[in-house]
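Asker: sharing a sequence plus its predicted fold:
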Amino acid sequence: MIFHIPWIYVPVRNVLAIWHQLTKYEIPELKKPSVIMRDRGRVEEIIRNMHGAGPGALQVISDFDMTLTRFAFNGKRCPTSHNILDNSSLISEDCKAKLANFPKSHYYPIEIDSSLSVEDKVPHMVEWWTQAHDLLVQQRIKKDQLAKAVRESDAMLRDGYEVFFGSLKDHSIPLLIFSAGLGDILEEVIEHNGVFHPNVRVFSNYMEFDKNGLLCSFKGQLIHTFNKREGALLNPDQFEQLQDRPNILLLGDSMGDLTMADGVQNVQNILRIGYLNDKVEERRDAYVGSYDIVLEKDETLDIPNAILRYITEGK
Ligand SMILES: Nc1ccn([C@@H]2O[C@H](COP(=O)(O)O)[C@@H](O)[C@H]2O)c(=O)n1
């Protein structure tokens with residue numbers, strides 16, 4: 001209504017224009033109560049630099065389990081890529097019992113224990129992954145049954161995943177998923193949700209199948225939560241196509257994910273976003289000290305999407 005009063009129209013428009021100028025770098029989603037930043041000014045500076053360089057200079061490196069997938073839904077834990085198989089009909093009851101004991105009773109608490117050092121955790125992680133993979137190999141799992149296991153599982157990508165994968169595709173921004181989970185399974189999850197676009201690549205633990213299509217071993221060096229730096233440095237080919245993109249948006253949910261971009265040379269700007277899903281009180285300080293943005297109990301991709309929207313929108 002005020003815009004229809006001629007003598008007020010121009011001043012109001014000027015005020016609005018100045019206001020827009022002052023707030024144009026603002027990403028309102030960053031004001032959500034679940035967002036914690038150690039240094040907001042630094043975060044804004046990185047995002048502004050990324051906006052200035054545009055989508056052509058950007059790449060996204062993301063963890064998969066509990067980062068691109070939901071941690072919980074309706075108060076119930078969602079499965080990791082390993083759990084999708086653990087809970088499926090492809091696994092015998094006896095094997096299920098052995099696998100089910102691993103995470104809850106022993107290894108998972110060690111993985112997320114903030115009082116233990118990475119050096120203390122590593123032998124347990126190697127033991128966890130090795131035992132789980134050995135058990136899976138004994139199950140005579142068929143390659144062509146994996147898609148069914150995924151379809152029948154409770155795995156869910158985080159809310160906003162269509163926008164996330166869609167905008168990366170639309171702007172030809174490469175997405176490298178760097179996961180200690182099961183590559184064959186997580187690929188099925190992405191495929192099942194219809195977002196396995198050509199710009200997505202996965203670096204993970206892959207299964208080896210024999211000539212009858214039965215799981216017989218796992219390929220290559222084992223990737224667990226805390227050896228991603230090693231994995232990144234020993235596999236330069238995974239990062240080769242990404243060397244001409246000096247700006248990195250990194251998404252993770254564990255302290256081990258912080259090193260996922262160590263295989264990229266000539267990094268100019270890196271923004272690390274960490275999902276703090278579990279044991280929030282105990283781990284908050286460590287996460288805030290290490291990640292640029294910490295998302296506490298946030299089951300959505302709203303923040304990465306808002307940042308991507310800002311970076312990709314025209315100047
Ligand atoms: N037997 C196992 C081994 C690991 N996990 C969990 O999977 C996660 C995989 O790692 P991302 O890099 O994709 O996050 C890891 O955090 C373990 O908690 C499992 O469920 N079963």
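Answerer: It's in.

Asker: next secondary structure after the helix or strand of the chain with the lowest mean pLDDT?
Answerer: One helix or strand of the chain scores below all others by mean pLDDT, DSSP states H and E: helix 6-23, with a mean of 55. Moving toward the C-terminus from helix 6-23, the next helix or strand (DSSP states H and E) is strand 35-37.

Asker: partners of that next one in the sheet?
Answerer: strand 293-296 (antiparallel) (DSSP bridges).

Asker: now what about the partner strand, what contacts it?
Answerer: By CB atoms under 8 Å, 6 or more residues apart in numbering, the residues outside strand 293-296 that reach it are 30, 34-37, 43, 271-276, 280, 284, 287-288, 303. Glycine gets a C-beta too; all of them are placed from N, C-alpha and C.

Asker: next step: the residues you listed restricted to helices.
Answerer: Assigned to helices by DSSP state H, the following of those qualify: Val43, Val280, Arg284, Tyr287, Val288, Ile303.

Asker: nearest to the ligand, of those residues?
Answerer: Nearest to the ligand among the ones in helices among the contacts of strand 293-296: Tyr287, at 14.7 Å, using CB to the nearest ligand atom.

Asker: around the ligand, which positions in the stretch 101-250 of the chain sit nearby?
Answerer: Applying CB under 6 Å from any ligand atom, one finds that the stretch 101-250 of the chain approaches the ligand through Phe102, Pro103, Tyr108, Glu111, Trp128, Trp129, Ala132, Ser179, Ala180, Gly181, Thr225.

Asker: could those be laid out in a markdown table, adding secondary structure, pLDDT and neighbour count?
Answerer: Listed next are these as a markdown table, based on DSSP: H, G, I helix; E, B strand; the rest coil; pLDDT from 0 to 100; neighbours: other CB atoms under 10 Å:
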| residue | secondary structure | pLDDT | neighbour count |
| --- | --- | --- | --- |
| Phe102 | helix | 66 | 18 |
| Pro103 | helix | 57 | 18 |
| Tyr108 | helix | 93 | 14 |
| Glu111 | helix | 95 | 21 |
| Trp128 | helix | 94 | 21 |
| Trp129 | helix | 96 | 21 |
| Ala132 | helix | 94 | 20 |
| Ser179 | strand | 98 | 24 |
| Ala180 | strand | 98 | 27 |
| Gly181 | strand | 98 | 24 |
| Thr225 | coil | 97 | 23 |
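
Asker: of the residues you listed, which pair is most distant in space?
Answerer: Phe102 and Ser179 (18.0 Å; CB to CB).

Asker: list the contacts for the closest residue to the ligand within the stretch 201-315 of the chain?
Answerer: Among the residues of the stretch 201-315 of the chain, Thr225 lies closest to the ligand, at 5.0 Å counting by CB to the nearest ligand atom. Thr225 makes contacts with Glu111, Lys121, Met125, Ala180, Ser254, Gly256, Asp257, as judged by CB under 8 Å, 6+ apart.

Asker: three-state assignment of Ala100?
Answerer: helix (DSSP: H, G, I helix; E, B strand; the rest coil).

Asker: my guess is it contacts Asp86. True?
Answerer: Yes - taking contacts as CB atoms under 8 Å, Ala100 lies within contact range of Asp86: 6.7 Å.

Asker: between these two, tell me which one has more neighbours.
Answerer: Between Ala100 and Asp86, counting by other CB atoms under 10 Å, Asp86 is the more crowded of the two (23 against 14).
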